[in-house]
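K.L.:
give me the fold of what follows.
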Amino acid sequence: MKVLGIGNAIVDVICKVEDDFIIKNNLTKGLMKLIFDQSEFSNLLSNLKIEKTISGGSVANSIVGLSQLGGKVGFIGKISDDNFGVKYEEGLKKENVNFFYTKKKELLPTGTCLILITPDSERTMCTFLGTAGKINKNDLDANVIKKSDLVFLEGYLWDEGDPKEAFEKAINLSKKTAMSLSDKFCVDRHKPNFLSLVKDKLDLVFANEGEITSLIDAKNFDEVVSFGREIKKHLVITRGERGAISIYKDEIKEIDAKKDLKVIDLTGAGDLFASGYLHGLINNFSQKECLIKATEMSSKIIQQIGARF
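P.N.:
Next comes the predicted model:
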C-alpha cells in the first residue's frame, strides 16, 4: 500500500444557497461548523435543495484523487450499516480504493456534511459527524498501517478521547505520517496539540495560509517561512490566488496559481491539491514537480461541483 488515508467518513450533501441563508443561520462564510444535535442538522437540511450527494471526507477525497492518478491506496473511516454507509463504501470501491473497515449497525448514523455554495463559489460547511466521530483505536488495522509507505491523517479527525487515541496509534505505527490541518476552526480548537504534532511527530503537513498563520500566531508570512525552516519538516502551504509554497529543510519552492479559471466550487481545492502533491512525492518527483501536479489537480476540481472528478 503506497498511501493509507485515515479520516472522517462523511457523505457530502452539496447545496447552492444565497448569502442570506448563511447569515440567517448564523454561519461563518468559508468555515466549517460542527453540529452536535441531530435534529438541528435535520432541520437545516430540510430547508435546502440538494444538488449532489457523494461520498466525501477530506482525506477520503485526497485518497480517491490519488487512486485516479494510479496510486495503490486505502482508507479507514467509521460508518454505520445504513443507507448512507452503504453508498459511502460503494463510492470508495468504485474508485479502486481499498476500504479497511467492516461496517455494522451503530448507535449513530453515518456522518454527513452539508456543503453550502454561495454565488461567489465559496463553500461553508455544516457537519454532523455521526458515527464517524466515534472512531477508536480498535477500528484501525495495525497491519495495514505498518505495511503502508505513508499514512495521511486529517485535522478534522482529531478530538479528545477515542479519536485522539486512534490518531496517536496511527502515528506511532506508521513509517511516515502526513496530516492536513483541515480548517482554521480545527486549528483554533486544538492549537497546542496541533502545534506539538507539527513540531514533533509529523513528517509532512498540508495547510492553507490562514490555518498555519493561526497555528503559530504569525504576524506575517515571513514568520511562517521562518517557522518552516526551523522545524525542518516538510511543510506545504496553499495561498489561494498567490499560489503555493513547499518548505523542506532549507529548500523552498513556490508556484503561482493558475489564472483565468472558471471557478464553480472551491470545495475540493485543498483535498485534490494534496492528491497531486502526494502523487509526486511517492513517485520521487522534485518539490517543484510536486507543486505543479498539486496545482494542476486543484485547478481542475474547482471548475466543477463537488470534490471528486
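
K.L.:
how far is the helix or strand harbouring I54 from where the chain is centred?
P.N.:
Element membership for I54 (DSSP states H and E) is strand 50-56. Here the centre of strand 50-56 is set off from its chain's centre by 16 Å, with CA atoms, centre = their mean, to the nearest Å.

K.L.:
in that strand, which residues are buried?
P.N.:
Across strand 50-56, burial judged by 16 or more other CB atoms under 10 Å covers 54-56. C-beta here means a position set from N, CA and C on the backbone, and glycine is covered the same way.

K.L.:
rounded mean pLDDT for that strand, please.
P.N.:
Averaged across strand 50-56, the pLDDT comes to 87.

K.L.:
so what does it touch, helix or strand wise?
P.N.:
Packing partners of strand 50-56 (3 or more CB pairs under 8 Å, 6 or more residues apart in numbering; DSSP states H and E): strand 10-16, helix 83-94.

K.L.:
pick the most deeply packed of those.
P.N.:
strand 10-16 (a mean of 22; mean count of other CB atoms under 10 Å).

K.L.:
got the angle for that strand vs helix 83-94?
P.N.:
Computed by axes from the mean of the first three to the mean of the last three CA atoms, to 10 degrees, the angle separating strand 10-16 from helix 83-94 equals 100 degrees.

K.L.:
what does the strand holding I54 contact?
P.N.:
Residues outside strand 50-56 that contact it (CB atoms under 8 Å, 6 or more residues apart in numbering) are 9-16, 87-88, 90-92, 113, 117, 305-308.

K.L.:
for the stretch 201-309 of the chain, what spans make up the strands?
P.N.:
For the stretch 201-309 of the chain, the strands defined by DSSP state E, counting those that start in this stretch cover 204-208, 234-238, 244-248, 251-255.

K.L.:
so what's the spatially closest residue to G155 that is not a sequence neighbour up against?
P.N.:
Computed as CB to CB, 6 or more residues apart in numbering, the closest residue to G155 that is not its neighbour in sequence is S182, at 3.4 Å. The contact partners of S182, by CB under 8 Å, 6+ apart, come to 58, 154-156, 211.

K.L.:
ok so, going back, nearest to V144 among the buried residues of strand 50-56?
P.N.:
S55 (19.5 Å; CB to CB).

K.L.:
switch the helices and strands packed on strand 50-56 over to a markdown table; also include mean pLDDT.
P.N.:
Shown next, in a markdown table, are the helices and strands packed on strand 50-56 (pLDDT from 0 to 100):
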| stretch | mean pLDDT |
| --- | --- |
| strand 10-16 | 92 |
| helix 83-94 | 92 |
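
K.L.:
OK, contacts around K300?
P.N.:
K300 touches 272, 309, counting by CB under 8 Å, 6+ apart.

K.L.:
what's the pLDDT at it?
P.N.:
pLDDT, read off for K300, is 96.

K.L.:
burial count for G74?
P.N.:
Neighbour count for G74, taken as other CB atoms under 10 Å: 24.

K.L.:
okay if I get the strands of the stretch 201-309 of the chain as CSV plus mean neighbour count?
P.N.:
Shown next, in CSV, are the strands of the stretch 201-309 of the chain (neighbours: other CB atoms under 10 Å):
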stretch, mean neighbour count
strand 204-208, 24
strand 234-238, 25
strand 244-248, 22
strand 251-255, 15
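
K.L.:
of all those strands, which one is nearest S275?
P.N.:
strand 204-208 (10.6 Å).

K.L.:
on contacts alone, who are the packing partners of the closest one?
P.N.:
Packed next to strand 204-208, using 3+ CB pairs under 8 Å, 6+ apart, are strand 177-180, strand 234-238, helix 269-282.

K.L.:
hmm, 7 Å instead?
P.N.:
strand 177-180, strand 234-238 (3 or more CB pairs under 7 Å, 6 or more residues apart in numbering; DSSP states H and E).

K.L.:
turn the ones you listed into CSV, including mean pLDDT and distance to N283.
P.N.:
Below are the helices and strands packed on strand 204-208 laid out as CSV (pLDDT from 0 to 100; distance: least, CB to CB, whole Å):
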stretch, mean pLDDT, distance to N283
strand 177-180, 98, 15
strand 234-238, 98, 16
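
K.L.:
make JSON lines out of those strands and add distance to L45.
P.N.:
Shown next, in JSON lines, are the helices and strands packed on strand 204-208 (distance: least, CB to CB, whole Å):
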{"stretch": "strand 177-180", "distance to L45": "26"}
{"stretch": "strand 234-238", "distance to L45": "30"}
